[in-house]
Each structure stands twice: as C-alpha cells, then as structure tokens.
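> would you be able to build a 3D model of this:
(chains A and B)
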Amino acid sequence: MIGLQMSSFKDGDHAILTRHDRTKIVQIRKERPIIIEKHKLYLDNLIDQIDGTYYELDGQQLKKLDAKQVHQLEQTDQFDHGCDNRDLCDESQNQLLQHEDIESLKSQGTSGQIHANLSSMEAKFLRRDTLAMLLSLSNVSCESTVAIVESCQGLVLASVIQRCAGNGKIFNLTVGGNTNSTLPCCDFMDFPSELTNNVYTLPLENIGDKKYLINAKLTTTACANTETSSKMREQKSIVAEERRQRRIDGLELFENTKLDSLIIATKYDSLSILKHLINYLNISSHFVIYSQFVQGLLECYKYLKQRGGCIHVELSDSWLREYQILENRTHPLIRMSGTSGYLLSGIIVDNN
Amino acid sequence: MVEECTSTMEINSDKIPTSNIINEGSTIIIYLGYNNLHVLKVKQNETFQMKFGALKHNDIIGKRYGSKIMCSKGYIHVLAPEPELWTLALPHRTQILYMPDISLVILELDIKPGSIVIEAGTGSGSLSHSIIRSIKPNGHLHTFEFHELRSNIAKTEFEEHGLADFVTAYHRDVLRDGFLHENIADAVFLDLPAPWDAIEHVIKVMKKTGGRLCTFSPCIEQVQRTCQRLRACGFEEISTIECLRRTHEFKYQHMPKIRFTSEQEQKEENEEEETKSPSKRHCNEANNEEKNGMKVDLDGSQKPKDIVQMITAVGPPSMAGHTGFLTFSYIQQLS
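Numbers count the residues shown, from 1 in each chain, chains lettered A, B, ... in the order given. Below you'll find the predicted structure:
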C-alpha cells in the first residue's frame, strides 16, 4: 500500500505550509532557508515530524505546538466580531491585529494528500470540481491504459498516477517528449518509482509516424555497436541511451495498444490532437477534453458528430460555492470562482 | 473500469484480465439514446422489448462492450456498468448522489488504490460503485445500511458486478451500534439524516494516524449542527461546499440578418462606381462576400434572406438547483 501511510518528512520531501488561508508548497532541505511572506525561515525542524502538525515561528526556526496551544490559538482566531459594527472603526485594522497575534503554521505532506495540493493549485490550473469531474468522466482506474495531453503543470498526470497506483499504463504525450511541462506537480507529489514505472513520456508529434520509429530503432542498434572511449562519456551516454530506449519502447507500445481513456487538457489546438489520437481508442473507452473556452470544444463536437462512433457526448461546466458555517453567521463566502472551464466527454463505440 | 471480473484469483494476480466480452449472466447497460439507458441482466434465449423493437439476449452474448446491436426497429449499444453509467441507469431505491458530488467526494477524501473507506448509508449504491473503482486493486469499502432489504439488494448487485472482493455490505444501524471496526478507515462518508450523532463512531473507526470525513446533508440546519459537533470533537479544515453541474446542448442556430438601408445605399453607390469601371467590379464583389461571410444580392431586393448559421452551446432552461451540502473535515488523533 504505497503512499497511504501518513509518513514523517524526510530531507528533500515536499510539504505544504498553511497559514490562515494561504498555502505554499516548499521543499524541505537541511540548513537551507525558504522565504515565506517576507519571513526567512528554516524547515529543519520538520524533518522526522509527521504531517498535520502545527508550528509557531521562533526566530528563523519552527517550533512545534502541542494540541492545547493550537486549541487556544484557534479560539482566538474564531473570536466574534460582534453582531453590529458600532465599535469598529476600520475592519481591516482590526483583522490585522488579530493576525499578528497568531503566528502559527501548519505543515502537511504532499504524498498522502493530493487534496491539500489541489486546493493551492486549482486557482492556477484547474478548479477542483473540474478536475474531479474530469477524472470521473475519464473512467480512470487501476486497470486503465490512459493517454494524457495536458498543459496543467502535471496536475492531471499526477492525479492519474495516483489513481493507477503503478498499475495499467500511462502515456504522457508532450511536445517533443519533454517532461518539463508536467514536472512541477509530479515533483511535489514525491512519487515512489513503483508508481511511475508505468509512465511513458512520449513526443506527441511523433505519434503515428512509423518512419520515425523505424529510424529511431535503427540508430539505436548503430549506437550499441560503436564503442565509446572515456568512462565519463560512457556514463552519460548510458543514461541518455536508456532514456532514448524508453521513448522508443513507449512509442512502439503506444502504436500496439488500444487506449481505455484519453484526456486532453492542453493549450494546443484540441481538435487536431483529438483527430490524431481518436483511432487509438478502444471501443467502450472514454475521452474527456477540458478547455477554458467553449468554442474549441464546439469544433470538436462538430467533428465527432460527423465522424460518428461515439455516444453520450456531453458538454458541461459547473458551479462551486463554499460556505461559512458559524452560528448566526452562515452564508456563502464573499468571493467565489466565476468559471470552471468546460468539459467535453463521451464514449467510443462500434461504428459498423 | 467495472467489468465482469471472473474470479478472485485473476483480480489479485499481476495481470488483470481486461475481459471485454459479454457473457451469460453479465449485467450490462443498454444505450438507447442520450439519457435513455437501461440495465439488463443477460440470460440466454430471452428477449427484451424496447422502443427499437425486440432485443434478443443471444445477440449480445459473446459481443464486446461498446458493440452495436441491430434490433427489429433500430439499433442500440451495449456498455459495461461503469460508475457514471450505473449512476444514470441504476434502479432508484433512495435519493441518490450524482457525479458532480461523487467526484468531489472521491477527490477531497483522497480515495485512491488501497484506501479503506467507510460509507453510511449504502442507499442505492451509486456512490459505492465510484468508490470501489478508485480503491481497486487492494483497498476495501465497508458500506452500512439500516434498511435490511436495501442492504441485501446492494450486496447482490456488488456480487453481480464482480465487485464482491472490494466491498462488504452490512445491515446495521450505525447511529445506534457504531461501525463494527476500530482504527481502520482512511476516509468516512456519511449520508445520514443526523450525521452529528455519528461523529463519535467516526472518531473510533478512523485510523490513529488520522483520516478524512465527508458528510452530505440537504439542509443548512443539518450542516450547522454537524459543523458544531466537528469543531467540538477536534476536527480540522472544516469546509462546506455545494456543486452543480450544467450540461449544455449543442445546437445549430440559424439567424436571419437585418438588411440595413444605410448599407444598402452604400452598396448601390459601389455598384454605380463598379459599372463605370467593369474591371473593378469583380474585385469589389469578392470583398463584399468576404466581409459578410455570405453571398450578397446585387438585385437590390428587400427580402432579408441572408442567414447566419453557427453552432452554439445552450444551457438548460431548467436544472437541479440543489442536491446537498458537502462538508469535509480532517481528524488527526494522536493521544
């Protein structure tokens, strides 16, 4: 059961620090300071501690708080503003004072808690309800063969890796087979290699190019035959060669595999990607396309309708509202996200 | 994917067979059209009557999921009882949870392969199917229902869908008797009329290292009582949300254009010029065509026969305005 135990932090792990409603993802490195809200601080005291612990700032170090202290702080935090504002001159001033009293920080592991990750990332990439729905509609489970084309900093890929847990096959199709675009979120998750062994990062533009594959294979055998001279170079070329081989194996595997799910959430033109990849989909497989704009998805729909062979084609968006629940002060939060983006989804079926 | 997994042995072995073939006894979903789905248990020599005529079960046996099956008055598609489709097609025994809420529950409770999850009540098993998809191949769902018949039906369905290895359905009143186990759960989901009365049981069943809780309640008063109890019991990160999904219809819109007289005059002027220099005329006509995106009549008739066609996404004129509030929280219990 990988990644399920709430483990303690190690040097090099990523953690989420929460302070009031602000969150920040940081990497724990011994004797290396980080800057958070203009404070310079060291995370050394997080090492060997379990996640979910509260800390207070003690100079540039973090000092662990016990449950009693945390409870006291929380009570100050929930201090009642009163039912009317007769005693309040300037509310922002008032809140500022409170905030200065409370200098507590909370640490959370990332590996055990994608949720915490998401809440801090959703603003930038995909809203949580959209990501949740995208994953459901893609029907991804531990047995799936999935292809992903995304520009969400790896958020979609990381979520799929977590849901496959080392089973099935994941094809991460990127421009040039570059892993940089999906690295950030996957990095934060500190995945053990058992979970990523089944991930193939492949150059999207070479999918379906048989000539490219044949040529690539030929150069591999040629390379293997030539002896390299210096040891240093050998070491480097071994790593590069392994990577190359992995890519070729992945491309060959992709050409010979039928997909169970296709997820497109990219800044590139979705329609041309859909057209290029749709024939790799098995019958009864699922596809989902995310876009911030509806127009591109309408074009995809036009194409799907003319092509046929897909059912349950749906275009949706969603509305998400958060509530403050307090005695006599229950109401929706003053600010909410106004747009979820759009999802186009469907099921591929036999068309004969 | 929820498939007709044949035996325990195969599921637990390294290579999971992706058996895509429909067998005698399989539970399948028949897709007749958008939002027109039927659950069917395949039995040899039987027929099923529907709007496209008679569907012979024998025509389905041996076919792959996703196949098109011809019937006497049309055709249908046969699909596996995957969670999304099952939620749309399942026989309702209670009010059920739909995909937007289900998806958020799975994501926010951090349910993934290997998770041990507690659910109360089982209801019609809509959420259960999605949870099971997420916890495979080595997690487990313990689902509790105080209505004996409902619990038994759900149990039978899990067996029929080949999910029995990943779920245990209990007939039990959790508010009175608790969850049977202690310190096993990574996540707990409560859909009960009085979830606040179950919080003590939740604390008992959660792993010592901590776990996540979600309660689903349709009324805000229920949420208030729940939150009050959660705070008193040391739960953290308490947050209440509501989510609605809107499906849009694809529609080609045809809209006639107004012929503005001022533009008409402009055109006539152009025409006059054009007649003076016939070589220019062709060029101008092409420009006009490009500008308006369609043919422009040069006969000067007043009929507004120019029509703009575009594909649009139309929101629903009426939709579900409320399902329920989802309250998430987290408890860490290190004593």
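> I'd assumed residue B:37 was in a strand, is it?
Yes - Residue B:37: assigned to a strand according to DSSP: H, G, I helix; E, B strand; the rest coil.
> in space, what's closest to it - neighbours in sequence excluded?
Excluding the flanking residues, the one nearest residue B:37 by C-beta to C-beta, 6 or more residues apart in numbering or on different chains is residue B:89, at 3.9 Å. Yep, even glycine has a C-beta here, placed from its N, CA and C like the rest.
> so that neighbour is in contact with residue B:35, correct?
No - the criterion here is C-beta atoms under 8 Å, and residue B:89 misses it with residue B:35 at 9.8 Å.
> burial count for residue A:169?
Applying other C-beta atoms under 10 Å in any protein chain shown, we find 19 residues neighbouring residue A:169.
> which ones are touching it?
Neighbour list for residue A:169: A:144-146, A:198, A:200, A:253, A:257 [criterion: C-beta atoms under 8 Å, 6 or more residues apart in numbering or on different chains].
> what is the nearest of these to chain B?
residue A:144 (6.7 Å; C-beta to the nearest C-beta).
> shouldn't that closest one be in contact with residue A:171?
No - using C-beta under 8 Å, residue A:144 is not in contact with residue A:171; the gap is 11.0 Å.
> what residues does the residue nearest to residue B:37 make contact with?
Residue B:89 touches B:29, B:37-39, B:81, counting by C-beta under 8 Å, 6+ apart.
> show me what secondary structure element comes after the helix or strand where residue A:236 lies.
Assigned by DSSP states H and E, residue A:236 belongs to helix A:231-255. Downstream of helix A:231-255, the next assigned helix or strand under DSSP H and E is strand A:259-265.
> in that following strand, what counts as buried?
Buried residues in strand A:259-265, defined by neighbour count with 16 or more other C-beta atoms under 10 Å in any protein chain shown: A:259-265.
> cool, and stretch A:312-324?
Using 16+ other C-beta under 10 Å as the test for burial, stretch A:312-324 gives A:312-320, A:323.
> dump those residues to a markdown table, plus pLDDT, secondary structure and distance to residue A:134.
What follows is the buried residues of stretch A:312-324, written out as a markdown table (pLDDT from 0 to 100; DSSP: H, G, I helix; E, B strand; the rest coil; distance: C-beta to C-beta, whole Å):
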| residue | pLDDT | secondary structure | distance to residue A:134 |
| --- | --- | --- | --- |
| A:312 | 96 | strand | 15 |
| A:313 | 96 | strand | 15 |
| A:314 | 96 | strand | 12 |
| A:315 | 97 | strand | 13 |
| A:316 | 97 | strand | 10 |
| A:317 | 96 | strand | 12 |
| A:318 | 97 | strand | 11 |
| A:319 | 96 | strand | 16 |
| A:320 | 96 | strand | 14 |
| A:323 | 97 | strand | 24 |
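> report the two of these separated the most.
Using C-beta to C-beta, those span at most 33.5 Å, a distance reached by A:313 and A:323.
> how far away is the residue in the stretch 51-200 of chain B that chain A sits nearest to from residue A:282?
As assessed by C-beta to the nearest C-beta, chain A sits closest to residue B:66 within the stretch 51-200 of chain B, at 3.1 Å. Note on residue B:66: its distance to residue A:282, by C-beta to C-beta, to the nearest Å, is 8 Å.
> got it, and residue B:234?
Applying C-beta to C-beta to residue B:234 and residue A:282 gives a distance of 48 Å.
> more neighbours, those two?
Neighbour totals were compared for residue B:234 and residue A:282, and residue A:282 leads with 18 against 15 (other C-beta under 10 Å).
> circling back: next, format the buried residues of strand A:259-265 as CSV and append distance to residue B:100 and pLDDT.
Formatted as CSV, the buried residues of strand A:259-265 follow (distance: C-beta to C-beta, whole Å; pLDDT from 0 to 100):
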residue, distance to residue B:100, pLDDT
A:259, 25, 97
A:260, 23, 97
A:261, 19, 98
A:262, 22, 98
A:263, 18, 98
A:264, 21, 98
A:265, 18, 96
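> pick out the most distant pair among those.
Largest separation among the buried residues of strand A:259-265 by C-beta to C-beta: A:260 and A:265, giving 17.3 Å.
> just the contacts of residue B:89 now: which is nearest residue B:261?
Of all these, residue B:37 has the smallest distance to residue B:261: 53.9 Å, by C-beta to C-beta.
> the residue of the stretch 51-200 of chain B closest to chain A touches residue A:346, doesn't it?
No - shown here, residue B:66 and residue A:346 do not form a contact pair, counting by C-beta under 8 Å, at 11.9 Å.
> follow-up on the earlier one: what about chain B: which of the buried residues of stretch A:312-324 touch it?
A:312, A:314-320, A:323 (C-beta under 8 Å from any C-beta of the partner chain).
> sketch out the low-pLDDT regions of chain A for me.
Along chain A, the parts satisfying pLDDT under 70 run over A:1-7, A:20-21, A:67, A:70-124, A:220-231.
> what do you get for chain B?
B:1-19, B:273-305, B:334-335.
> max-length strand in it?
Using DSSP state E, we find that the single longest strand of chain B is strand B:236-256.
> strands paired with that one, and their directions?
Sheet pairing of strand B:236-256 (DSSP bridges) gives strand A:310-324 (antiparallel), strand B:307-314 (antiparallel), strand B:325-331 (antiparallel).
> make CSV out of the ones you listed and add distance to residue B:250.
Output for the strands paired with strand B:236-256, formatted as CSV (distance: least, C-beta to C-beta, whole Å):
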stretch, distance to residue B:250
strand A:310-324, 7
strand B:307-314, 6
strand B:325-331, 30
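> so which of the ones you listed comes closest to residue B:217?
Among the strands paired with strand B:236-256, the nearest to residue B:217 by C-beta to C-beta is strand B:325-331 (5.6 Å).
> can you give the contact residues for the closest one?
Strand B:325-331 has contacts (C-beta under 8 Å, 6+ apart) with A:52, A:323, A:325, B:101, B:104-105, B:108-109, B:202-203, B:206, B:210-218, B:220, B:222-223, B:226-227, B:230, B:233-243.
> number of nearby residues for residue A:146?
28.
> quote the end-to-end distance of stretch A:257-276.
Length of stretch A:257-276, first residue to last, C-alpha to C-alpha, to the nearest Å: 15 Å.
> can I see the domain layout of chain B?
Domain segmentation of chain B under automatic domain parsing yields B:8-81, B:86-245+B:320-331, B:249-314.
> what about the longest one, distance to the chain center?
Between the mean C-alpha point of domain B:86-245+B:320-331 and the mean C-alpha point of its chain there is a distance of 17 Å (C-alpha atoms, centre = their mean, to the nearest Å).
> now the end-to-end length of it.
End-to-end distance of domain B:86-245+B:320-331: 32 Å, with C-alpha to C-alpha as the criterion.
> break down the chain into its helices, ranges please.
I'll assume chain A. For chain A, helices defined by DSSP state H occupy the ranges A:67-77, A:91-101, A:114-121, A:128-137, A:155-164, A:183-188, A:193-196, A:210-225, A:231-255, A:270-277, A:294-307.
> hmm, no, I was thinking of chain B.
B:8-12, B:57-60, B:83-89, B:99-108, B:126-135, B:148-160, B:174-177, B:199-205, B:220-232, B:261-276, B:278-292.
> close to chain A: what parts of the stretch 51-200 of chain B are there?
B:64-68, B:77, B:79-80, B:82-85, B:99-100, B:102-104, B:106-110, B:112-115, B:130, B:133-134, B:136-138, B:186.
> now, of the residues you listed, which are buried?
B:64-68, B:77, B:79-80, B:82-85, B:99-100, B:102-104, B:106-110, B:112-115, B:130, B:133-134, B:136-138, B:186.
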